[in-house]
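Undergrad: Provided below for reference: sequence and predicted model.
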Amino acid sequence: MELLNKSMTGKKERPIKVVQFGEGNFLRAFVDYMIDIANEKGTFDGDIVLIKPIEFGNLEMFHNQDCQYTVSLRGNVDGEGKILNRIVTSVKDVVDTYNEYDKFMGLAEIDTLRFVVSNTTEAGIVFDNTDQFEMKPPKTFPGKLTKFLYHRFETFKGDKDKGLVMLPVELIDDNGIMLKKCVVQLIQLWGLSDEFKNWVEEACTFTATLVDRIVTGYPKATEKEEWEKLGYEDHIMVTGEPFALWVIESDKDISREFDLPGAGLPVVFTDDHHPYKQRKVRILNGAHTSFVLASWLCGNDIVRQSMEDSDIRDFMNKTIFDEVIPTLTLPEDELKAFAGEVVNRFNNPYVDHALLAISLNSVSKWRARCLPSLLGYVDKFGKLPAHLTFSIAALMAFYTGTEIRDGALIGHRNGEEYNIKDDMPVLEFFRDNCEKDTRTFVTGYLGREDFHGQDLNKVAGLTDAVTAYLDDIKENGMRAALCKIS
């Protein structure tokens, strides 16, 4: 069977407009996929060069396939499960910053270059005062970017028309703002000129972004079946869900030159991405955190099972539509449409999303994803939201265990062990307190300011409500207790 390559795809060569720090699955199934569609629709017309920003790994598979690869999106589309395959031809080349340093820096000299995309993990956007300009390359991503920008500045003699637009998609708050801060700190650390600093400030744009798509990666277990269906070998294909959203906040209007919406793509340009992030965290992530632990103790193992369980699905819907959405700021119809899409995504027939995988670090997740909705609801309506309140009791029931083994607290479901994974202070608290009387246990948990950022016993009625819910779970089981919540 032939290996996917340019001669098979008939790739059209386009001007290089994008360099991308990161060659991983997410970027290729999200950014590069979208740019490929925009190229086809005639709203962009640009190629991408992928940059490997780390030392380990190699790019052999990319070179073997001329950087051509398949994106296979799998999920519910218009009410039925579908597989949508697309060969992506928007990537022109791949470059190793360590073994091809001169080629990497040469990319900064390309006249048509305009955009810098990055996904270097949450730890990638960091200022390190031991990074050095003289290194080839500097060791951090901000260091590599700063030196890259400096070379472009020198090549084009400070021409402000040659500035670049940074599109970081790392999952940290205000990613573009943080990246720019790192660059400015490195300019100062390295003693680079004020002219260069002004060029970065005036000619370059650092956007803050929010991205959303579940990307499940390379289908290793079924690769030969996939190749048979495709009719060619593809060692860098990537799978994911159909849903996607890219929100881009910029202080300069880049919508015309980066016209992905014109190709029908789910890209939103805004002057404030925070409401969209709040929507995602509070609805999608908050829904996960509010129901998965209860669902596990009701006997389910994956998200799709939970959606097929009418008790769990009803609990989740009431949490989202009755308690979370009323606390958010975007228009209600937008929020409800997004929530409907979330439910559709959770019911994806092609993804087995394990509840135990989602349960990791649930205490800090509940604080970030659910607590703001609970407090917002209390502030708006003057009463507790029943389902979000119950989710605290469900969490405490899930975290019940008296033995820590190999870094995990050992819980029990129907006589079988399961691993509860969280920070050690969390696990130690539950180990030491779960067998105390319920009120003492609840009061102790809600009072841990290091877990919640505040003493939740001060929220009127919360201690009593959680105690009653947890007692009900202990006496009658999770499903019976959950079904009583109206």
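TA: Noted; the coordinates are in hand. Just so you know, these numbers come straight off a predicted model, no measurement behind them.
Undergrad: for the stretch 201-350 of the chain, what spans make up the strands?
TA: 205-206, 208-212, 215-217, 238-240, 245-249, 267-270 (DSSP state E, counting those that start in this stretch).
Undergrad: Name the strands paired with the fifth one and say parallel or antiparallel.
TA: Each strand that pairs with strand 245-249, with its direction, by DSSP bridges: strand 208-212 (antiparallel), strand 267-270 (parallel).
Undergrad: Select, out of those strands, the one closest to Asn285.
TA: strand 208-212 (10.2 Å; CB to CB). For glycine as for every other residue, the C-beta is placed from the backbone atoms N, C-alpha and C.
Undergrad: so how far is the closest one from its chain's centroid?
TA: Distance of strand 208-212 from its chain centroid, counting by CA atoms, centre = their mean, to the nearest Å, is 8 Å.
Undergrad: Pick the most deeply packed of the strands paired with strand 245-249.
TA: strand 208-212 (a mean of 23; mean count of other CB atoms under 10 Å).
Undergrad: now the strands paired with strand 245-249 in TSV, with distance to Arg369?
TA: As requested, the strands paired with strand 245-249 are exported to TSV (distance: least, CB to CB, whole Å):
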stretch	distance to Arg369
strand 208-212	14
strand 267-270	22
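Undergrad: for the ones you listed, which one sits closest to Gly401?
TA: Nearest of the strands paired with strand 245-249 (CB to CB): strand 208-212, 33.5 Å.
Undergrad: Give me the contacts around the closest one.
TA: 26, 30, 167-169, 171, 174-177, 243-250, 273, 276-277, 280, 284 (CB atoms under 8 Å, 6 or more residues apart in numbering).
Undergrad: average model confidence for that strand?
TA: Throughout strand 208-212, pLDDT has a mean value of 97.
Undergrad: With stretch 189-202 instead?
TA: 98.
Undergrad: repeat for stretch 321-340
TA: Stretch 321-340 comes out with an average pLDDT of 96.
Undergrad: Please put the alpha-carbon coordinates of stretch 348-362 into CSV.
TA: Provided in CSV are the C-alpha atoms of stretch 348-362 (Å, rounded to 0.1, in the frame of the first residue of the first chain):
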residue,chain,number,x,y,z
ASN,A,348,-20.1,10.8,20.8
PRO,A,349,-20.3,7.2,19.7
TYR,A,350,-16.6,7.1,18.7
VAL,A,351,-15.1,8.3,22.0
ASP,A,352,-14.9,6.2,25.2
HIS,A,353,-14.0,8.9,27.7
ALA,A,354,-13.3,7.2,31.0
LEU,A,355,-14.9,8.7,34.1
LEU,A,356,-11.9,7.8,36.2
ALA,A,357,-9.7,9.7,33.8
ILE,A,358,-11.9,12.8,34.2
SER,A,359,-11.9,12.3,38.0
LEU,A,360,-8.2,13.2,38.3
ASN,A,361,-7.7,16.2,40.7
SER,A,362,-11.4,16.7,41.1
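Undergrad: can you give me the offset of it from its chain's centre?
TA: 14 Å.
Undergrad: Now do Asp36 against Ile214, distance only.
TA: To Ile214, Asp36 is 19 Å away according to CB to CB, to the nearest Å.
Undergrad: who's more crowded, the two?
TA: Legend: neighbour count by other CB atoms under 10 Å for Asp36 and Ile214, higher for Asp36 (22 against 17).
Undergrad: now that one, what's its secondary structure?
TA: Following DSSP: H, G, I helix; E, B strand; the rest coil, Asp36 is assigned to helix.
Undergrad: how near is the closest residue to it other than its chain neighbours to Gly46?
TA: With sequence-adjacent residues excluded and distances taken as CB to CB, 6 or more residues apart in numbering, Asp36 is closest to Ser90, at 4.0 Å. Distance of Ser90 to Gly46, computed by CB to CB: 8 Å.
Undergrad: Find residues that contact each of those two.
TA: 14, 35, 39.
Undergrad: Which of these sits closest to His63?
TA: For those, the residue nearest His63 by CB to CB is Arg14; the value is 19.2 Å.
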